[in-house]
Each structure stands twice: as C-alpha cells, then as structure tokens.
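# build me a model from this:
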Amino acid sequence: MHPVPAPMPVESEAWRSEIGLSLFINTYYQYRDVKQLSSACSTILIIGSGQGLDAQVFRWKGYAVTTFDIDNAFEPDYTGSVHDLSLFKDRSFDVVIASHVLEHLPEPYLDKALYEIARVGKNAIIYLPVHGRHLQFRFAPGFKGIDISFILDIFNYFIRPDGETPRYMEGQHYWEVGMRGYRVKDLRRRFKQYFEILSCYRNKDWLPSQNFVLLSKSSRDT
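Residues are numbered from 1 along each chain as shown. You can find the predicted model right below:
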C-alpha cells in the first residue's frame, strides 16, 4: 500500500505565523519568473499557498489568483492534493505555481501531479529543494549587472530515497534535488514528458532552491 498525500507533519497555525527572509526571496523570484513569461499572463493557480505572501503580492500586482492546498489550516480557495486537480478544466490558468510542493508527494503520485499541472496551466513554475549543505562563492561588484556565483553542494551523492518514506526535512520530504533518481538531469528528463523547459536555474539568493520555468506541451500544441 502506497502512502497517501497528506498535510505536513507540523503545527500548521504556528508554521503559518512564521515569516522568514527565504519567504520574501521565494515570492520575489516567482513574481520575476511570471513577469518574464509573458505580459499576457493574468490568471494564476498557486498550489501549496502556505503562509500566503505570494498570493498577496500577485493580487496586489493585479493578477487573478486562485489558491489550492492540502491543508485547510492555510485557508486556501480549494483543498486537495496536487495529483488531483479535477476541479479545474484544461488550461484554466495562464500559470500554475508549485513552489516547494512536489517533494511532499510520495513517488507514485509525482508523474500524475506533473500531468495535472501541465493540463490545467499553460505555463508552470516549479521550485524544488536541493539536498544537503551549500557553499557559495559570489562575485557581484555592483556595476554592469555582473553577478557570478559558484555553488558547491555538500551531501552524500549516493543517497537513493525509496520515494515512499518521508525521511528528509524532519519527516516532511520524500526526496530532494541531488539525490539519485532526482538529480537535475533526472528531473529535466521527467519534466520533458509534460513540458518544454524554458529555464532551469539555481536561486543564487536562496541556495536550497532549484527553479524550473515551464511551458505546458498541451498549451504549445494548441
């Protein structure tokens, strides 16, 4: 029997009240990535709305935002798991954002979640956690937009998660980027079944985040 997607094993109200710098950085990058997609983007589905900062910023900037979360404590517009978005019609949204969400899914549900995101959204922004500790060497002199960064990840590259036991991030994650089967090249290969990869980059300002900007293949083919 596979584990069933469920809310994070944390005190939801306490977690919701926490505000950290990474939350603001993450929201900024989401906004930047949406702006770079197309000026025609106006409707957004945020999966895993959590503390709600990203939804507030997008609404402030004039986007029509719908929130979706597995945990009712975060008061989303709709409640459910990302692997089942049957509430929404095909291509209902210009962009679907799933930031640090998919690692909370057991492996058997991952491809279904990617299929559903690609079905309901014309574009997708997916951010994922990078395993281990991280060292950064950065050169940003402050002129001509120069910003050169070298990031070294420190962890056991031979870790192969079983995808069905949440062993990581205090029992919240089933897998993380960098683990065997979930390296960037593995994820790119997997995403290409459902999306065209427009951008894949490491967040220089929040090192534990690998970011993907995607175009749904169903959108491209219509």
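# so which bits of the lengthiest helix in the chain are buried?
The longest helix of the chain (DSSP state H) is helix 21-37. Within helix 21-37, the residues that qualify as buried are 23, 26-31, 33-34, 37, counting by 16 or more other CB atoms under 10 Å. Backbone N, C-alpha and C define where each C-beta goes, glycine included.
# likewise for stretch 2-9?
5, 8.
# what's in contact with that stretch?
With CB atoms under 8 Å, 6 or more residues apart in numbering as the contact definition, stretch 2-9 has outside contacts at 15, 70-71, 73, 81-83, 104-106, 108-109, 164-166, 170-172.
# most distant residue from the centre of the chain?
residue 143 (31.2 Å; CA atoms, centre = their mean).
# where do the strands sit along the chain?
For the chain, the strands defined by DSSP state E occupy 43-47, 64-69, 78-79, 93-99, 121-129, 133-139, 148-154, 195-202, 209-216.
# looking at the ones you listed, which is closest to residue 87?
The closest of the strands of the chain to residue 87 is strand 78-79. By CB to CB, the value is 5.8 Å.
# output the contacting helices and strands for that closest one.
Counting contacts by 3 or more CB pairs under 8 Å, 6 or more residues apart in numbering; DSSP states H and E, strand 78-79 packs against strand 64-69.
# please identify the buried residues of the strand it packs on?
Going by neighbour count (16+ other CB under 10 Å), the buried part of strand 64-69 is 65-69.
# repeat for stretch 148-162
Buried positions in stretch 148-162, judged by neighbour count with 16+ other CB under 10 Å: 153, 159, 161.
# okay, which residue is most central for this structure?
Closest-to-mean residue, the chain, CA atoms, centre = their mean: residue 99 / 2.5 Å.
# tally of neighbours for the closest residue to residue 10 other than its chain neighbours?
Leaving aside its chain neighbours, residue 10 sits nearest to residue 172 (7.2 Å; criterion: CB to CB, 6 or more residues apart in numbering). If you count neighbours by other CB atoms under 10 Å, residue 172 ends up with 15.
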